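Asker: Give the three-dimensional model of this entry:
(chains A and B)
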Amino acid sequence: MSENSKATSTPQAPAAKFGGTGLTVAIVAAAVVAIAGLVLWGIQLSGGMIQTNMRNMDSWGIYITMFMFFVGLSAGGLIISSIPRAFGMKGFGGISKVAVWTSITCTCLAIGYVVVDLGGPARIWELFVYSNLASPLMWDIIVLFVYLILSIVYLWATLRHEAGKVSATALRVVSFIALVCAVLVHSVTAWIFSLQQAHDMWHTALMAPWFVSSALVCGTGLVMIVVIALRAAGYLKLDQSYLVKMAKMLGAFLCIDLYFFGCDLLTEAFPQGEGANIVSMLVSGPLAPFFWLEVIGCAIAAVICFVPQLRSNPGLIVAAVLAIVGIFCKRFQLLVGGFQQANLDYAGMYTSTSITNWSDGMVGAYAGLVYTPTMLEMGIVVGVLGLGALILLLGLKFLPLKPTAED
Amino acid sequence: MRYGFAIDTRRCIGCHTCAVACRIENNLPKGSWWNRTLTDGGTEQDTPEGTYPNVKMSYITIACQHCENPACVKVCPVGATYKDEETGVVRQDYDKCIGCRMCMAACPYTGVRLFNWEEPKYTIDFAIGDSDIAPHQKHVVEKCTMCWHRLARGEEPACVEVCPERARFWGDLDDPESDVARLVRERDYKQLLPERDTKPSVYYLV
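Answerer: Here you go, the predicted structure:
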């Protein structure tokens, strides 16, 4: 700890001063947003989830989308910092602690989004008492908690290693276990959807590896944005070559993710059966804006990452944002796409709790997007994001996450 | 033992009596229909498919299919949805349900599982139906219980008892002597979404 703070005050330390009033104001603002979110959650629980736009036939919405999205985002930091260490390669210039802190923040948010989606959060203890170990949701809860704890252990071990208390070998072992767990957490999140035979959109074996690649895309994008922002704010110094290395990785991850998407679309479309409906729903149906934003955005991002002339700082920010937005679009397509096609489309009794746009019957309900969130849902989404900003900024303020001299 | 239904779609006249009887028997909250009479035909209720004179229309009543291989039971993280081993009835424990709605996402027959999105409200301001039913709760998933409270007393489900066309049959599919087993054996039938491999215990006689 003391070595760490000494290191940051050496001449190599950032010229600009980070923190001070600006950071405190940001922390207070984040706390206010988080508290506002809590109040809205209270309104949702007391007045009922009827205030959301989720209904019996589209029973998950923006909260589960955000859960998937944040599980993915949590990948980047941990993987960027643990891969070099686990395999004994050169790292990314000392950003690993900050990167792991973003992972921890994102994991907390993923858990947060599941909690606000629950009808009975007061019964959450049952998960640990009546655990049904056959349920993929139970697997995910277990793996998420293990992942969160491992990330914290990994961060702690890194700090202790820098203080000379933990050996390099031990740190390497921890980083390897954390890496395995990271791959597992994305696979298990995919299995929540892909093991269900109920929805054609979800039931594909490709989902787990595809979740890993999407996680790598948006996770790397997030780490790039965070370190570029922290460098601009004077929190840390980072040689541009590390960012270029990260950008090349991002480009590769983007290509893998698009390749998986292409494989899946081809497999769905080729037999010209039920799967063809999924492809047309994505390409030209209600989900088309999300589909094209993802595909075109990710392609542009990959080009920026691969063309040296485009890899300026603003260029890298654009690429990272496009990658993150693209993966968000993918999550939304996946969730809503699962409900967008009715298995049983008989006409009949539909009430205000049957489906979001129920008043015009089955035809009206499925004509456009089957689900769009209400203002209350968006408010709670922003509130949880505020909690994330709060955790991230508190870490920057109070934890020794800056690169040390030896990095 | 595997309790199930055989529903004669050639007898069904789409009168909704089974659906309404279910609502009354189970004191269902406003907007909740555990059993629905749907039209197999046009895009609106009670409309046929095609143009005159080449039109056709029939009715199909849909509730929980009490599957032999239920997708919902596997995914419930706390075991609030479970299959009764003795009877094969898929049951729901309101007191255990945490409201994660995983079962609703897993069930291919979307619409048979209902979540109480708010504090249950009722059309009539006093409780109706059977006094043995479990009280409805806010923010939990519920569905057809196969009238579990009636089965416990040796009675058949309410929807079967009231059908004016005697189109609904209920009994033990494993007992060759039962009406349901005989009908399934002797008549042509279809099942809903057999390709989803859930092995539903509801047979629609055609």
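Asker: Just list the residues touching the closest residue to chain B within the stretch 1-150 of chain A, thanks.
Answerer: Nearest to chain B, among the residues of the stretch 1-150 of chain A, is residue A:119, at 2.0 Å (Cβ to the nearest Cβ). Using the backbone N, CA and C atoms, a C-beta is placed for each residue, glycine as well. Shown in contact with residue A:119 (Cβ atoms under 8 Å, 6 or more residues apart in numbering or on different chains): A:49, B:97, B:98, B:99, B:100, B:101, B:115, B:138, B:139, B:140.
Asker: These in strands, which ones?
Answerer: Among those, DSSP state E puts residue B:115 in strands.
Asker: what comes up buried for the host helix or strand of residue A:377?
Answerer: If you go by DSSP states H and E, residue A:377 is part of helix A:375-398. If you call a residue buried by 16 or more other Cβ atoms under 10 Å in any protein chain shown, then helix A:375-398 has these buried ones: A:376-377, A:379-381, A:383-396.
Asker: Tell me how many other residues surround the residue in chain B that chain A sits nearest to.
Answerer: Distance from chain A to each residue of chain B (Cβ to the nearest Cβ) is smallest for residue B:99, at 2.0 Å. Using other Cβ atoms under 10 Å in any protein chain shown, residue B:99 has 21 other residues around it.
Asker: and if you look at residue A:223?
Answerer: 29.
Asker: Tell me the residues of the stretch 1-150 of chain A that contact chain B?
Answerer: By Cβ under 8 Å from any Cβ of the partner chain, the residues of the stretch 1-150 of chain A that approach chain B are A:45, A:47-50, A:52, A:54-57, A:59-60, A:114, A:117-121, A:123-124, A:126-127, A:130-132, A:134-138, A:141.
Asker: How about the helix or strand encompassing residue B:22 and chain A, any contact?
Answerer: Residue B:22 is located in helix B:17-25, with elements delineated by DSSP H and E. Yes - on the criterion Cβ under 8 Å from any Cβ, helix B:17-25 is in touch with chain A at residue B:19.
Asker: CA atoms of whatever helix or strand comes next after that helix as CSV?
Answerer: Remark: after helix B:17-25, the chain's next helix or strand is strand B:36-40, criterion DSSP H and E. Only the C-alpha atoms of strand B:36-40 are listed here, as CSV (Å, rounded to 0.1, in the frame of the first residue of the first chain):
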residue,chain,number,x,y,z
ARG,B,36,-58.9,-19.9,-22.5
THR,B,37,-61.2,-20.8,-25.3
LEU,B,38,-59.3,-19.8,-28.5
THR,B,39,-60.4,-19.8,-32.0
ASP,B,40,-58.6,-22.0,-34.5
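Asker: Contacts only, for the most centrally placed residue in chain B.
Answerer: Closest residue to the average C-alpha location of chain B: residue B:63 at 2.3 Å, with Cα atoms, centre = their mean. Listed by Cβ under 8 Å, 6+ apart, the contact partners of residue B:63 are B:22, B:34, B:35, B:36, B:112, B:143, B:144, B:159, B:202.
Asker: ok, now residue B:96?
Answerer: A:123, A:126, A:130, B:78, B:79, B:80.
Asker: returning to what we had before: can you tell me which of the contacts of residue B:63 are buried?
Answerer: Among these, the ones that count as buried by 16+ other Cβ under 10 Å are B:22, B:34, B:35, B:36, B:112, B:143, B:144, B:159, B:202.
Asker: Find me the pLDDT at the nearest residue to the third one once chain neighbours are set aside, would you?
Answerer: What it means is residue B:35. Excluding the flanking residues, the one nearest residue B:35 by Cβ to Cβ, 6 or more residues apart in numbering or on different chains is residue B:63, at 3.9 Å. We note a pLDDT of 97 for residue B:63 in this prediction.
Asker: hmm, the helix or strand hosting residue A:244 touching chain B?
Answerer: In the assignment (DSSP H and E), residue A:244 maps to helix A:240-269. No - on the criterion Cβ under 8 Å from any Cβ, helix A:240-269 is out of touch with chain B, staying 15.7 Å away.
Asker: Show me how far that helix is from its chain's centre.
Answerer: A distance of 16 Å separates the centroid of the chain from that of helix A:240-269, by Cα atoms, centre = their mean, to the nearest Å.
Asker: other SSEs contacting it?
Answerer: When contacts are defined as 3 or more Cβ pairs under 8 Å, 6 or more residues apart in numbering or on different chains; DSSP states H and E, helix A:240-269 packs onto helix A:207-232, helix A:274-283, helix A:288-306, helix A:313-340.
Asker: Now do that helix against helix A:288-306, angle only.
Answerer: 140 degrees (axes from the mean of the first three to the mean of the last three Cα atoms, to 10 degrees).
Asker: Against residue B:25, how distant is residue A:372?
Answerer: Using Cβ to Cβ, to the nearest Å, residue A:372 is found at 36 Å from residue B:25.
Asker: buried sites along the helix holding residue B:22?
Answerer: B:17, B:18, B:19, B:20, B:21, B:22, B:23, B:25.
Asker: got it, and stretch A:304-321?
Answerer: A:304, A:305, A:306, A:310, A:311, A:315, A:316, A:317, A:318, A:319, A:320, A:321.
Asker: surely residue A:386 meets residue A:27?
Answerer: No - assessed by Cβ atoms under 8 Å, residue A:386 is found out of contact with residue A:27, at 10.8 Å.
Asker: Only C-alpha atoms, please: export the helix or strand that contains residue B:160 in PDB.
Answerer: Secondary structure assigned from DSSP H and E places residue B:160 in helix B:158-162. Taking only C-alpha atoms (Å, rounded to 0.1, in the frame of the first residue of the first chain), the coordinates of helix B:158-162 have been written out as PDB:
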ATOM      1  CA  ALA B 158     -64.500 -27.900 -12.600                       C
ATOM      2  CA  CYS B 159     -64.000 -27.300 -16.400                       C
ATOM      3  CA  VAL B 160     -64.800 -31.000 -17.100                       C
ATOM      4  CA  GLU B 161     -67.800 -31.100 -14.900                       C
ATOM      5  CA  VAL B 162     -69.500 -28.000 -16.400                       C
END
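Asker: Flag every buried residue along whichever helix or strand comes after it.
Answerer: Going down the chain from helix B:158-162, the next helix or strand is strand B:168-172, by DSSP H and E. By neighbour count with 16+ other Cβ under 10 Å, strand B:168-172 contains the buried residues B:168, B:169, B:170, B:171, B:172.
Asker: and of the helices and strands packed on helix A:240-269, who's closest to chain B?
Answerer: helix A:313-340 (7.3 Å).
Asker: other SSEs contacting the closest one?
Answerer: Counting by 3+ Cβ pairs under 8 Å, 6+ apart, the packing neighbours recorded for helix A:313-340 are helix A:62-86, helix A:207-232, helix A:240-269, helix A:274-283, helix A:288-306.
Asker: By neighbour count, which of the contacts of residue A:119 wins?
Answerer: Neighbour max across those (other Cβ under 10 Å) = residue B:100, 28 neighbours.
Asker: show me what contacts it?
Answerer: Counting by Cβ under 8 Å, 6+ apart, the residues that residue B:100 touches are A:114, A:117, A:118, A:119, A:137, B:77.
Asker: how many neighbours does the closest residue to residue A:388 other than its chain neighbours have?
Answerer: Computed as Cβ to Cβ, 6+ apart, the closest residue to residue A:388 that is not its neighbour in sequence is residue A:109, at 4.6 Å. Residues near residue A:109, counting by other Cβ under 10 Å, number 23.
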